[in-house]
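[1] coords please:
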Amino acid sequence: MRSISKMWFRLTRAAPDLLADRRGMAAVEFAFILPVMMVMLFGTVEFSSAIAIDRKITLMSRTLSDLTSQATTVADSDLTNFFTASIAIMYPYPSTPTNARISEIYVNASRRATVQWSKAATVSSGATQATLTTSTRNASDDVTSLVPSSLLVANTYLILSEVSYLYVPTVGYVLAKAGITMGDSAFTRPRQSTCVYYPTAGSTCPTS
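    Alright, predicted model coming up:
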């Protein structure tokens, strides 16, 4: 019984010293805060990169439609240069995997928009030039729903550019590791002629 009393006495005497002892507290606090700080750090980096890439995608789509609308006639070599120039905007971020597509749209007298011609391009890893591919849009496809009502002017042409990009975060700690697909599109009107003629696709410039 006496030994228990001594132990209790010693514990009550040691309690104030234990409460006053701050050794190791900083390490414990750091262990709690570190995961939160890491999430904030990587989250900020990943979100900032995603926003920057999204802005570049918008600029890329506008550049692609703008370059095409300044031509009167285009060949495959011209389209390759347009795609390559627009994709170069992605620097310093990787240009792959980027998928771009450009189409000419005709709005008839009934304000129905149809595809006249369309061409797509991709960039292979490490490549310095875009590679033309077959577009998933075909001639005569109805794309009226894609065109803003303010641009549905009868008997006019539009150049539509579409860009999609798979953003894969470097760390993948906050955002999806598999990546996020981003995209944007832009419309412009031909500047030098009624339409942009693409002989390879056998396009014409109807007026009705």
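
[2] is it correct that residue 136 is in contact with residue 115?
    No: in this structure, residue 136 is not within contact of residue 115 by Cβ atoms under 8 Å, at 10.6 Å. From N, CA and C alone the C-beta is placed, and that goes for glycine too.

[3] of the two, who's got more company?
    residue 115 (21 against 10; other Cβ atoms under 10 Å).

[4] so the more buried one sits in a strand?
    Yes: assigned with DSSP: H, G, I helix; E, B strand; the rest coil, residue 115 falls within a strand.

[5] which residues touch the residue lying closest to residue 141 once chain neighbours are set aside?
    Leaving aside its sequence neighbours, residue 141 sits nearest to residue 115 (Cβ to Cβ, 6 or more residues apart in numbering; 4.5 Å). Contact analysis of residue 115 by Cβ atoms under 8 Å, 6 or more residues apart in numbering lists 103-105, 137-141, 143.

[6] could you give the bridge partners of residue 115?
    Per DSSP bridges, residues listed as beta-bridge partners of residue 115: residue 105.

[7] and it, what's its pLDDT?
    Model confidence at residue 115, given as pLDDT, is 93.

[8] roughly how far does it sit from residue 130?
    Separation of residue 115 from residue 130 (Cβ to Cβ, to the nearest Å): 20 Å.

[9] so which residues of this structure form strands?
    98-107, 113-122, 131-133, 156-167, 180-188 (DSSP state E).

[10] those into CSV, with extra columns for distance to residue 56?
    Listed next are the strands of the chain as CSV, based on distance: least, Cβ to Cβ, whole Å:
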stretch, distance to residue 56
strand 98-107, 10
strand 113-122, 17
strand 131-133, 20
strand 156-167, 8
strand 180-188, 10
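
[11] to residue 195, which of those strands lies closest?
    Residue 195 sits nearest to strand 156-167 of all those, at 4.3 Å, using Cβ to Cβ.

[12] that closest one pairs with which strands?
    Going by DSSP bridges, the partners of strand 156-167 are strand 98-107 (antiparallel), strand 180-188 (antiparallel).

[13] hey, which of these is tucked in deepest?
    Across the strands paired with strand 156-167, averaging neighbours per residue (mean count of other Cβ atoms under 10 Å) puts strand 98-107 on top, at a mean of 24.

[14] I'd like the distance from it to the chain centre, please.
    When distances are taken as Cα atoms, centre = their mean, to the nearest Å, strand 98-107 is centred 17 Å away from the chain's centroid.
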